[in-house]
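Student: I would like to see how this sequence folds:
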Amino acid sequence: MKRYAKLLAAGLTAALVLAGCGGDADDEPTTTEEPTDTVEPDGDAEEDEPADDAAADDEAAADLEPASVTFVTAAAVILPKEEVATYAVPEALGFFEEEALVVDVVTADGSTAAIQAVASGSADITAADLGSLYAAVEQGVPVTGLGGLVVNWPWRIAVESDSDIQACEDLAGTSIGIISLASGSNPFARSFVEECGLDPDSDVDLVPVGLGPQAAAALQGGEVDSLALFTQAYANLELAGLDFRFLDNPEIFDPLVSLTWIVANDFLEQNPDVIERFLRAANKGLLYSNADPTEAMRVSYDILPDLLGDRSAEDRLEDDSYSLGTWLETTALEGPVDSWESFGELNAEQLEATMDFAISAGTVSEAFPVEDAFDDQLLPGANDFDRDEVLSLLP
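Tutor: Residues are numbered from 1 along each chain as shown. Now for the predicted structure:
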């Protein structure tokens with residue numbers, strides 16, 4: 001049975017090795033909810049597929065060696081983001097089945113824990129922060145980045161719409177709400193302030209406020225004057241009625257990359273075909289989801305029923321589709337969706353700029369060749385699928 005579960009803290013004791021790593025764009029506060037089995041989808045996701053095509057897919061899958069993959073997300077709770085686009089949608093539409101894969105998704109509390117889970121063998125692949133990957137590799141953790149997922153920088157500084165803060169210089173003498181000291185919002189806020197010509201240690205006060213209602217209450221109650229969150233977090237607060245005004249990000253953030261696919265070196269050496277098949281199915285899900293976030297959410301509720309909370313799919317669909325769509329914008333490639341060919345590809349500027357940011361944020365002590373942490377050899381195969389065939393599944 002497919003399931004998701006939060007990795008037990010005891011299984012992540014070795015995460016202390018990565019204590020200096022930053023968080024990622026989707027770091028969340030720790031949740032205490034118990035692991036929950038998901039519900040299998042009703043019916044066959046491919047029941048309307050033409051018989052010949054279905055037979056061809058079955059034959060292709062029969063030629064592959066069956067394998068199991070555990071995908072760990074760098075957030076302690078399930079949200080409408082990569083869990084939907086690269087896990088639930090491929091599961092619901094049969095993309096994993098076509099690759100002869102049985103995939104489970106588990107959660108970890110941030111990039112540090114997610115990377116360590118992969119390094120220790122508790123999980124097989126994660127989408128975690130590229131800066132945290134660099135920090136892990138510098139510390140000798142045997143992991144490798146395979147390709148980008150969140151390739152458009154998601155972090156922003158926001159104030160309430162009626163705030164007197166109009167430009168970054170106005171942050172002097174104010175307090176900025178960050179998710180936590182271990183979250184990616186901390187190095188982002190510090191770097192943002194420095195780019196404004198301010199000292200993050202003396203000119204501003206960085207205050208951990210968490211996410212969601214807790215962060216909103218801190219801003220509205222005057223505990224902080226601004227927030228440093230990722231775009232999807234703001235989208236969820238906007239759905240709750242908050243109205244934000246965003247400060248312009250300095251240009252240094254333009255080429256930065258956030259979430260990146262990461263595996264353990266030995267798993268990459270021993271199972272390159274399995275990883276390529278997983279990435280290909282995930283890319284199909286990412287394409288489908290970008291083409292229609294609403295349909296992506298609709299097919300995902302059976303796979304990840306805890307997304308519903310205590311509400312029905314009908315009640316949640318509009319808000320969740322907006323939230324997912326906001327996250328998907330951070331994964332979007334250039335041009336129309338049906339023209340996308342290069343899922344995961346990162347250029348030298350992106351890799352080097354993110355290294356520079358990790359150094360300036362203090363998560364990496366000194367630069368080293370990005371090739372020591374990144375290997376894109378599997379991307380051609382992961383991108384080898386028929387885009388029109390995937391998009392034809394849309395209603």
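
Student: gap between S258 and A282?
Tutor: S258 sits 16 Å away from A282, taking CB to CB, to the nearest Å as the criterion. C-beta here means a position set from N, CA and C on the backbone, and glycine is covered the same way.

Student: what about the strands in the stretch 51-200 of the chain?
Tutor: 67-73, 101-107, 125-129, 143-148, 155-160, 175-178 (DSSP state E, counting those that start in this stretch).

Student: got these as a markdown table, with mean neighbour count and distance to E329 columns?
Tutor: Output for the strands of the stretch 51-200 of the chain, formatted as a markdown table (neighbours: other CB atoms under 10 Å; distance: least, CB to CB, whole Å):
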| stretch | mean neighbour count | distance to E329 |
| --- | --- | --- |
| strand 67-73 | 21 | 19 |
| strand 101-107 | 21 | 22 |
| strand 125-129 | 32 | 16 |
| strand 143-148 | 24 | 14 |
| strand 155-160 | 22 | 12 |
| strand 175-178 | 24 | 22 |
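
Student: out of the ones you listed, which comes closest to A353?
Tutor: A353 lies closest to strand 143-148 among the strands of the stretch 51-200 of the chain, at 12.4 Å (CB to CB).

Student: does E341 lie in a helix or a strand, and which?
Tutor: Assessed by DSSP states H and E, E341 sits outside every helix and strand.

Student: separation between it and E334?
Tutor: 10 Å.

Student: what's the answer for P272, then?
Tutor: In terms of CB to CB, P272 sits 28 Å off from E334.

Student: go on, D225?
Tutor: 35 Å.

Student: between these two, who's got more neighbours?
Tutor: D225 (22 against 7; other CB atoms under 10 Å).

Student: that one reaches S163, doesn't it?
Tutor: Yes: here D225 lies in contact with S163, judged by CB atoms under 8 Å, at a distance of 7.0 Å.

Student: surely L393 meets Y288?
Tutor: Yes: using CB under 8 Å, L393 is in contact with Y288, at 6.7 Å.

Student: intersection of neighbour lists for the two?
Tutor: Both L393 and Y288 are in contact with L93, where contact means CB atoms under 8 Å, 6 or more residues apart in numbering.

Student: could you check the angle the longest helix along the chain makes with strand 101-107?
Tutor: Longest helix in the chain, counting residues (DSSP state H): helix 272-291. Here helix 272-291 points in a direction 70 degrees away from that of strand 101-107 (axes from the mean of the first three to the mean of the last three CA atoms, to 10 degrees).

Student: other residues contacting the next helix or strand after helix 272-291?
Tutor: The helix or strand immediately downstream of helix 272-291 is helix 293-300, counting by DSSP H and E. Here helix 293-300 makes contact (CB under 8 Å, 6+ apart) with 41, 45, 80, 84-85, 88-89, 92-93, 285, 288-289, 307, 313, 316-317, 320-322, 324-325, 328, 394-395.

Student: now could you export just the CA positions of whatever helix or strand comes next after helix 293-300 as CSV?
Tutor: Next along the chain after helix 293-300, taking DSSP H and E as the criterion, comes helix 313-329. Output of helix 313-329 as CSV, limited to C-alpha atoms (Å, rounded to 0.1, in the frame of the first residue of the first chain):
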residue,chain,number,x,y,z
ALA,A,313,-12.2,17.9,-2.0
GLU,A,314,-14.9,20.2,-3.4
ASP,A,315,-14.4,22.7,-0.6
ARG,A,316,-10.6,22.6,-0.9
LEU,A,317,-10.0,22.4,-4.6
GLU,A,318,-10.0,26.1,-5.4
ASP,A,319,-7.7,27.1,-2.6
ASP,A,320,-5.3,24.2,-3.1
SER,A,321,-5.2,24.7,-6.8
TYR,A,322,-4.1,28.4,-6.2
SER,A,323,-1.5,27.3,-3.7
LEU,A,324,-0.1,24.6,-6.0
GLY,A,325,-0.1,27.0,-8.9
THR,A,326,1.9,29.4,-6.9
TRP,A,327,4.5,26.8,-6.1
LEU,A,328,4.5,25.5,-9.7
GLU,A,329,5.6,29.0,-10.9
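
Student: residues making contact with helix 313-329?
Tutor: 79-82, 84-85, 152, 154, 231-232, 234-236, 239, 286, 289-290, 293-294, 296-298, 301, 307-309.

Student: if you set the cut-off to 7 Å instead, what comes out?
Tutor: 80-81, 84-85, 152, 231-232, 235-236, 239, 289-290, 293-294, 296-298, 301, 307-308 (CB atoms under 7 Å, 6 or more residues apart in numbering).

Student: contacts only, for the residue lying closest to A108 once chain neighbours are set aside.
Tutor: Among residues not flanking A108 along the chain, A114 sits closest, at 4.2 Å (CB to CB, 6 or more residues apart in numbering). Neighbouring residues of A114 by CB under 7 Å, 6+ apart: V72, T73, A74, A108, T126, A128.

Student: ok, back up a step: L393 and Y288: which is more packed in?
Tutor: A count of neighbours by other CB under 10 Å puts Y288 above the other of L393 and Y288, at 25 against 20.

Student: list the contacts for the more buried one?
Tutor: Here Y288 is in contact with V89, L93, A296, V390, L393 (criterion: CB under 7 Å, 6+ apart).

Student: helix, strand or coil for the residue nearest to G173 when sequence neighbours are not counted?
Tutor: Counting by CB to CB, 6+ apart, G173 lies nearest to D203, which is 7.0 Å off, once chain neighbours are set aside. Put simply, D203 is coil when judged by DSSP: H, G, I helix; E, B strand; the rest coil.
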